[in-house]
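# Sequence first, then the predicted structure:
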Amino acid sequence: MVHRSGPASARPRGNSPVRTCVGCRVRAEAGELLRVVLVDGDLAFDLRRRAAGRGAWLHPEPGCLDKAERRRAFARALRVPGPLDIEGLRRDLEQLVHRVTGPGSSRAGLDQRKQVDPS
Ligand SMILES: [Zn+2]
């Protein structure tokens, strides 16, 4: 699916909503942040940004996740009592970051081809 005709993709700046990262408290366009929601009592990334209810916004960076955990920002942003477990989020975030980085980080295997030593 390639939609390449038309200048529709050139959105004017300042048109997208601005959210605050619950980790570092820096404001950024919503497109740069990940939305975090509560699913059955567990934190989860709302990658489609369509889940109902409250959402917390976070940079796709483990450092921001750590900061958010330390100040219990998720519980506050989502209006729930008690600490929330972020282990699931941490795992998902690692996978997301790897996907963004793309393939190529696992090149090491290619250099380990059979090297027959003819001695
Ligand atoms: Zn952040």
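That came in fine, so what should we check first? Residues are numbered from 1 along each chain as shown.
# how about the residues of the protein near the ion?
Neighbours of the ion within the chain, by CB under 5 Å from the ion: Cys21, Gly23, Cys24, His59, Cys64. C-beta here means a position set from N, CA and C on the backbone, and glycine is covered the same way.
# which residues does the closest residue to the last one other than its chain neighbours contact?
This points to Cys64. In this structure, Cys64 finds its nearest non-sequential neighbour in Gly23, 2.9 Å apart by CB to CB, 6 or more residues apart in numbering. Neighbouring residues of Gly23 by CB atoms under 8 Å, 6 or more residues apart in numbering: Leu58, His59, Glu61, Gly63, Cys64, Leu65, Asp66, Lys67, Ala68, Ala73.
# Can you select the buried ones from the residues you listed in PyMOL?
Buried subset of the contacts of Gly23, written as a PyMOL selection, criterion 16 or more other CB atoms under 10 Å:
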select buried, resi 58+59+64+65+67+68+73
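# Let's see which of the contacts of Gly23 end up in helices.
Under the assignment DSSP state H, the contacts of Gly23 contribute Gly63, Cys64, Leu65, Asp66, Lys67, Ala68, Ala73 to helices.
# which non-adjacent residue is nearest the last one?
Counting by CB to CB, 6+ apart, Ala73 lies nearest to Val22, which is 3.8 Å off, once chain neighbours are set aside.
# Could you pull up the residues touching Cys64?
Going by CB under 8 Å, 6+ apart, Cys64 touches Cys21, Val22, Gly23, Cys24, Leu58.
# hang on, Arg91 in a helix?
Yes. Using DSSP: H, G, I helix; E, B strand; the rest coil, the assignment for Arg91 is a helix.
# Show me which positions of stretch 19-26 end up buried.
Arg19, Thr20, Cys21, Val22, Gly23.
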